[in-house]
Every structure is written in structure tokens, then in C-alpha cells.
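Undergrad: Okay, here's the prediction I keep looking at, along with the sequence it came from:
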Amino acid sequence: MATWVKICGVTRADDARAAFDAGADAIGINFWPGSRRFCGVEAARDIVEAAGPESLVFGVFVDASREDVLRTVRETGLSGVQLHGGQGPDEACDWGLPTILAVAANSREAVVRAVRERKEAAAREADAYRLLIDHVSGGGSGLTVDDSLLEGVDLRDAVLAGGLTPQNVAARVACLRPFGVDVAGGVESAPGIKDARAVAAFVRAARSADAG
């Protein structure tokens, strides 16, 4: 199966179109005000419209209440939610939309536990959340997760993030075999400004390891 690819931190409609034209499976729009890639509701609505009704567009939220997340979904037309911060498996259930739960790789034990909890959730419900494993510094840090925290862990149901670029993603996919990969800063010319050529190169590189 082809590696699933998500381009995160999209702030412009043109960049959304470029991501999907390059073959990305999904994009992410960041609603955390502290992010350099923060996007307001009006701009997010334009991005969702530009992406098209069949495109998978995640809203990225940090410690937001369910009420706030659902209100943003209604106002923008998002088709998925991505949760960061203190949320656990229970908070990642019952959204009625594709859901990603981000986990900071602060230890091998934390990663193994998160993978186990996701498998348990999948055994209970067919549309369980997808796990995203990121560097402990958080989304957009540009830092790569230490291999010692991931080697030997079954990542077939997980999305790998953290410091990925067109230059290193193929090797990371070949070594760790995740379900998918997520990139923000690694395909930008400036925070929130995607480089279309880098996006296309990232998608190609991520998928180049599939036959290995």
C-alpha cells in the first residue's frame, strides 16, 4: 500500500491545491494561536473550498475543547480533526470524522503504550483514530524523533512526523515502515509558506520506498 502523505501547516489556498496536485492524501490547517502557521477561520474556509469537497482537510487543535473544535469544523467545512496536547484515546473517539491523535515521543515506553492503545481502540471500533508520533518538542519543531524510540515498534497504523524532508523521508519510511508521514516545515520556504516543488519532491520520495 502506498505511504499515506499529509502536508500540514497549510495557510494559503494555492498551497492546498499544490499539495493535492502533487498527490498528497491530506492537508492540515493549524488552529493553535501559538503556532507560526496559525490560520484563522476565514482563511481556513477559503483553503477548504480550494481543496475541494472530496479532499481530506484536518484541523489541528491543541488542548481545545470539543465544543470549540466542532464549532470550527462547522464554520470551515473541515473533514477531519487532529488533536494535540493532553488528550488521550478517550478524547479521540466519537468525532464522526477522520481523527488523528498526536503523541509526543518522549520515551520508548510512551510510544509503545500509544501504539497498543490505538490497536485496542481499533478492535472496538472500525473507524478508530489514527495515531501520529511526533518529536517531544511538538508539531513544526523540525526535529526528528530518535530512532531508538521507534525501532522494532509496529508503526503500520501510525503516521510519523518530526523533522521530515524530501531528503530524509524515503530512508525513514524504508526503515520504520509507518502507515504514513506528516510534514510541515520540511517543505516550506518560510513558516506557513509551502514550496510547491519541495512538496512534490516530498510526496515522490515518501512513496519511492514503498516497493523496497
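TA: Cool, got the structure. Numbers count the residues shown, from 1 in each chain.

Undergrad: any low-confidence regions in this protein?
TA: 138-141, 211-212 (pLDDT under 70).

Undergrad: quick one, strands of it?
TA: 4-7, 26-30, 56-62, 80-84, 99-104, 130-134, 158-160, 180-183, 188-190, 193-194 (DSSP state E).

Undergrad: residues in contact with the most centrally placed residue in the chain?
TA: Taking Cα atoms, centre = their mean, the centroid of the chain lies closest to Asp182, which sits 4.6 Å from it. Asp182 sits next to Lys6, Cys8, Gly28, Leu132, Asp134, Val159, Leu160, Ala161, Leu164 when contact means Cβ atoms under 8 Å, 6 or more residues apart in numbering. Placement of C-beta: from N, CA and C, glycine included.

Undergrad: Mind doing that once more with 7 Å?
TA: By Cβ atoms under 7 Å, 6 or more residues apart in numbering, the residues touching Asp182 are Lys6, Cys8, Leu132, Val159, Ala161.

Undergrad: Please apply the same query to Val203.
TA: Applying Cβ under 7 Å, 6+ apart to Val203 gives the contacts Val5, Ala22, Gly23, Ala24.

Undergrad: can you pull up the bridge partners for Phe61?
TA: In this entry, Phe61 is beta-bridged to Leu83, by DSSP bridges.

Undergrad: and it, how many neighbours?
TA: Counted by other Cβ atoms under 10 Å, the residues lying close to Phe61 total 22.
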